[in-house]
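Q: Generate coordinates for the sequence data below:
(2 chains)
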Amino acid sequence: MGVTGPRLQSTIFEKSHPGRGGGKIPHPPKDALERLPAAARRAAPPALPQLNELEMVRHYVNLSQLNFAIDTGFYPLGSCTMKFNPKVNEWAARLPGFAGLHPLAPDATAQGTLQILWELQEILAEISGMAAVSLQPAAGAQGELTGILMIRAYHRSRGDHDRKEVLVPDSSHGTNPATASMAGFRTITVPSAPDGGVDVDAFRAALGPRTAAVMITNPSTLGLFESRIGELLEAVHAAGALAYMDGANLNAILGRFKPGEAGFDVMHINTHKTFSTPHGGGGPGAGPVGVGPLLVPFLPAPRVLRNDDGSFRLERPGERPTSIGRLRSFVGNTGVLVRAYAYLRAHGAEGLMEVSQDAVLAANYLKSRLVGTYDIPYARHCKHEFVASAASIKRATGIRTLDIAKRLIDYGFHPPTIYFPLIVEEGMLIEPTETESVETLDAFADALITIAAEAAASPELVHDAPHTAPVRRLDEATAARQPNLRWRPMTGVETPCPD
Amino acid sequence: MPYGPHTAADRSRMLAAIGASSIDELFDDIPATLRASRLDLPAGMPELELMAHLQGLAARNRTDLASFLGAGAYRHYQPPAVDQLLLRGEWYTAYTPYQPEVSQGTLQSIYEYQSLLAELVGLDVVSASHYDGAAATAEAALMTCRATGRGRILISRAVHRHYRETLSTYLSGGDLELGEVPVVVSGPAAGTTDLAALEALLADPDHPVAGVLAGQPNFYGLLEPMAEIGRLAHAAGALFVAVIEPVSLSVLAPPGAYGADIAAGEGQSLGIPAQYGGPYLGILACTDALIRQIPGRLVGMTTDLDGQRAFVMTMRAREQDIRRERAASNICTNQALLALAASIYLATLGPHGLRDVAALGAARAAELEATLIDAGAGRLHPGPYLNEFVIRVPDARAVHQRLLERGVLAGLVLADVEPDDPALADGLLVCATEVTTSAEIARFGAALQAELGGSRWA
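A: Sure, this is the predicted structure:
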């Protein structure tokens, strides 16, 4: 934050001043566009803002300071794994040899990047215990769609057209049922067991000849390892269905549990969670998908292959007719994958095991600090994250989890994920990650404990929080009822081209 | 572990507080029969070695060639301000703006992105971003199916093959039908969407069409009769989706002006490096009438409790975390940082700078065409183009390979992309932009002339 603190900014359109800017592009010849038919031409230039570079730079620097980010503070957003984003990875992705490479460059001219992608396929296959990996999906949700479409292709390849259902637990990420719908399946939601785990008996009862797949997050979205997962996977396969693992929580189990070895048929990996690629305020990500032997033929195209002579190449169009096809243009979010590769090579096997150990240690430590102040609905050892609940505080004081989350902002922390998973009353899902020091964890626990005391002593202080953020709580209802989704600039103002 | 803070003493203290005797104890809930085999990976590398390793790999890519490759990803001038601003940790190390009070930077930047793109495409509703042009195009097609209740999509064969393949994958989930509209084979309109064929396909009463998709410029760089295509689509009760390239919209009529209901396309050309395919920027925009059908995040303007102007994610009832299996799409993570890059790019260049980018690209392409014709190539299609076109040379694949050995990347061998289309067998798709130099064009011309031995093919 600057010396004067962050300030709200007028929009870039309001800062525009006709006639400013320029000096970037050489002037084109006057007749450059003469060959275009008049019907295809734009009548008037778009009303884009006109700023000199300094005003533009200040706009974006000042706007940036209104953001909370990992680089500014502790960001324990459960299910999102907001760990440190190493700077060397940003450097790597920007090396001209990587950044400047065209996606249709002939294989012989792209050997460096192809080698990275091939090695990354191998490394992720080893970590996930899967037979093969596709790097194509652009994000976790697209990885899910890839996985479920492969499962569908598998059943169809066996002449099995009756499997129309996908089972998900009620604690799943919203992307799971949304993915099932996109892939043409009906979602069956199965309630969780009282201990927070997958209710294996309920799943057994729901499984049948119409089940195409089950989608399981393990560790679960409560941060708990599904100890009966072996039993569940047996039942799934006995019913002729396949098992999808949502890999959002892979950060807890590196080197401890390989989903493919345990019997999962397919999983996605969120590189922007486990492998530290930055999340960019909402994206980009990358959602590589690993598959067991049954699904290898259906992987999206193109894969990266190694030739007998040790060089690398992309699969050719049509080379593998069983593929489900493409999910996007070109190979994948290569720039993101280069960062993930750098992270993986920096760690090696030992470093990755330490990542999970320290992530789990930090979560259990933070949980131990909150026992007695907050409800901890599931008391056993958690993995990389845990759920705390303000249900008792709410009954005693009327202060809700939402209020506590907003009050954390005043203490300099990003709130945890709140009201997810939906099955916990007044839940907050807290994920500290392995890169936060014990001093930071203590300061966060102290803040949560102080806020609990404030809820009793001066509830209005908590209820009206945040007090120190650039804005107070927002009118979201009006935003949705009367949507204003774009600036209406310069109506009637001429912005003639200076030529 | 290279990035962790914990000392042995820290770990002991934490274990004591937990009441566990070892870290292994924290993993006791993984049944013994399911525990992982040894993690078999190369040892970790200190940062110094890692950097040398990565530099070595980057050096194995050939980015020194005179490149005329476009075909959906374009080499452009990138103002240094774009990347320097993106490198602020407040931008790139933030998550999705779920807590608006501490995310006004990201939220306002997305609102501004929506507004900037709305100006370019001439449609009022712009999503906060999708994965890339192909995925955005597929989502656009799904929108038309939801909006019309119909199950058949028609896409021009002159749209990028990767987009058509992506569309086919996305449609397969819902058992939706995909038809391709052929392109005109000869005459002045060669290489553009065949309007008569489109009209015939739209006339099938048993298979009503939800959406018609065509590109402007199309994959071959040619200008399509978009208004005509839109009229035919609308006459049949279908929606019209324009697949666009945003730099061109500084000089070409925007989708909103020729009646498109939806615009989708690749935003990579707005200041985003080629980086072997991504991360790019999927643009998706629609008319107000389709606002409930558009997938992906939307940011709206509102006020806070004190009446200050502020921004927030809105109309969330379309999204997967609220609506689950009834959501408009499963999209969650998008390409927010690339939308920011595009905004900074547009704010840096302004309306005239962007026009100059498009116009200079057109001028370079005209220079390229004249040079290549002079060297003995012909043009495959006679129609007008902006900055990309197809040349014919005998034995195109072999010529392309030999030019590569001369340091010239002579565009795309069309037979590699469309092996079954005999009309494209001799085609190379070549492109020029504002960064293409006259020296590079001369090098291409000289190398081609040497290959063709001066024989005129046109």
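Q: got a list of contacts for the helix or strand encompassing A:Ile393?
A: Element membership of A:Ile393, judged by DSSP states H and E, is helix A:391-397. Applying Cβ atoms under 8 Å, 6 or more residues apart in numbering or on different chains, the external contacts of helix A:391-397 come out as A:374-375, A:399-401, A:404, A:425-426, A:452, A:455-456, A:459. (Glycine included, C-beta is placed from N, CA and C.)
Q: Only whichever of the residues you listed are buried, select them in PyMOL.
A: Buried members of the contacts of helix A:391-397, defined by 16 or more other Cβ atoms under 10 Å in any protein chain shown, are picked up in PyMOL with:
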select buried, chain A and resi 374+375+399+400+401+404+426+452+455+459
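Q: out of the contacts of helix A:391-397, who's nearest B:Ala73?
A: A:Thr401 (44.9 Å; Cβ to Cβ).
Q: where's that closest one relative to A:Gly287, distance?
A: A:Thr401 sits 29 Å away from A:Gly287, going by Cβ to Cβ, to the nearest Å.
Q: Skipping its backbone neighbours, what lies nearest B:Gly453 in space?
A: Closest residue to B:Gly453 apart from its sequence neighbours, by Cβ to Cβ, 6 or more residues apart in numbering or on different chains: B:Gly376 at 7.8 Å.
Q: ok, back up a step: is it possible to get CSV of the contacts of helix A:391-397 that adds distance to chain B?
A: Formatted as CSV, those follow (distance: Cβ to the nearest Cβ, whole Å):
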residue, distance to chain B
A:Tyr374, 16
A:Asp375, 18
A:Ile399, 17
A:Arg400, 15
A:Thr401, 13
A:Ile404, 13
A:Glu425, 18
A:Glu426, 17
A:Ala452, 19
A:Ala455, 19
A:Ala456, 24
A:Pro459, 17
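Q: B:Leu428: what's it in contact with?
A: B:Leu428 sits in contact with B:390-393, B:396, B:399-400, B:410-414, where contact means Cβ under 8 Å, 6+ apart.
Q: Double-check that it belongs to a strand.
A: Yes: under DSSP: H, G, I helix; E, B strand; the rest coil, B:Leu428 sits within a strand.
Q: Check it and give its pLDDT.
A: In the predicted model, B:Leu428 carries a pLDDT score of 98.
Q: Domain boundaries for the chain, per the record?
A: Defaulting to chain A. A:88-345, A:356-481 (automatic domain parsing).
Q: To clarify, I was referring to chain B.
A: Taken from automatic domain parsing, chain B resolves into B:66-74+B:350-452, B:81-344.
Q: Quick one: mean pLDDT for the last one?
A: It refers to domain B:81-344. On average, domain B:81-344 scores 97.
Q: same deal with stretch B:381-393?
A: Here the average pLDDT along stretch B:381-393 is 97.
Q: Flag every buried residue along that stretch.
A: Neighbour count says stretch B:381-393 has B:381, B:383, B:385-393 buried, by 16+ other Cβ under 10 Å.
Q: That stretch spans what distance, first to last residue?
A: End-to-end distance for stretch B:381-393: 13 Å, by Cα to Cα, to the nearest Å.
Q: coming back round to it: ok, the residue nearest to B:Gly453 touching B:Leu452?
A: Yes: checked against Cβ atoms under 8 Å, the pair B:Gly376 and B:Leu452 is within contact range at 3.9 Å.
Q: Okay, buried residues for stretch B:110-119 please.
A: Those would be B:110-119, for stretch B:110-119 by 16+ other Cβ under 10 Å.
Q: One more: stretch B:391-410?
A: B:391-393, B:396, B:399-400, B:402-404, B:406, B:408-410.
Q: Can you show me the helices along the stretch 201-350 of chain A?
A: A:229-238, A:259-262, A:334-370 (DSSP state H, counting those that start in this stretch).
Q: Is chain B within reach of the first one?
A: If I follow you right, that is helix A:229-238. Yes: applying Cβ under 8 Å from any Cβ of the partner chain, one finds helix A:229-238 in contact with chain B at A:229-230.
Q: Which positions in that helix come out as buried?
A: Quick answer for helix A:229-238 (16+ other Cβ under 10 Å): A:229, A:231-233, A:235-236.
Q: do stretch B:340-358 and chain A meet at all?
A: Yes: Stretch B:340-358 reaches chain A (Cβ under 8 Å from any Cβ) through B:340, B:343-344, B:346-358.
Q: And stretch B:220-228, by the same measure?
A: Yes: residues of stretch B:220-228 contacting chain A under Cβ under 8 Å from any Cβ: B:223, B:226-227.
Q: quick one: which two of the buried residues of stretch B:381-393 are the most distant?
A: B:Leu386 and B:Val393 (21.9 Å).
Q: any idea how far A:Arg407 is from A:His463?
A: The value you get for A:His463 to A:Arg407, if Cβ to Cβ is used, is 9 Å.
Q: which stretches of the stretch 101-250 of chain A form strands?
A: A:132-134, A:165-169, A:186-190, A:211-217, A:242-246 (DSSP state E, counting those that start in this stretch).
Q: what angle sits between the third one and strand A:165-169?
A: Direction vectors for strand A:186-190 and strand A:165-169, defined by axes from the mean of the first three to the mean of the last three Cα atoms, to 10 degrees, enclose an angle of 30 degrees.
Q: For B:Ala446, find the nearest of the domains of chain A.
A: Here domain A:88-345 is closest among those (Cβ to Cβ), at 20.5 Å.
Q: tell me the mean pLDDT for that closest one?
A: For domain A:88-345, the per-residue pLDDT averages 97.
Q: re earlier: restrict the buried residues of stretch B:110-119 to contacts with chain A.
A: Within the buried residues of stretch B:110-119, those near chain A by Cβ under 8 Å from any Cβ are B:110-112, B:114-116, B:118-119.
Q: So which of the buried residues of stretch B:391-410 sit within strands?
A: B:391-392, B:408-409 (DSSP state E).
Q: from these, which two are the most distant?
A: Among those, B:Arg392 and B:Leu409 lie farthest apart (Cβ to Cβ), at 18.2 Å.
Q: ok, back up a step: nearest to chain A, of the residues of stretch B:220-228 next to chain A?
A: Using Cβ to the nearest Cβ, B:Leu223 is the member of the residues of stretch B:220-228 next to chain A that lies nearest chain A, at 4.8 Å.
Q: circling back: could the buried residues of stretch B:110-119 be laid out in a markdown table, adding distance to A:Gly292 and secondary structure?
A: Output for the buried residues of stretch B:110-119, formatted as a markdown table (distance: Cβ to Cβ, whole Å; DSSP: H, G, I helix; E, B strand; the rest coil):
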| residue | distance to A:Gly292 | secondary structure |
| --- | --- | --- |
| B:Ile110 | 39 | helix |
| B:Tyr111 | 44 | helix |
| B:Glu112 | 45 | helix |
| B:Tyr113 | 40 | helix |
| B:Gln114 | 42 | helix |
| B:Ser115 | 46 | helix |
| B:Leu116 | 45 | helix |
| B:Leu117 | 41 | helix |
| B:Ala118 | 45 | helix |
| B:Glu119 | 49 | helix |
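Q: Widest-spaced pair of the residues you listed?
A: Most distant of the buried residues of stretch B:110-119, by Cβ to Cβ, are B:Ile110 and B:Glu119, 15.2 Å apart.
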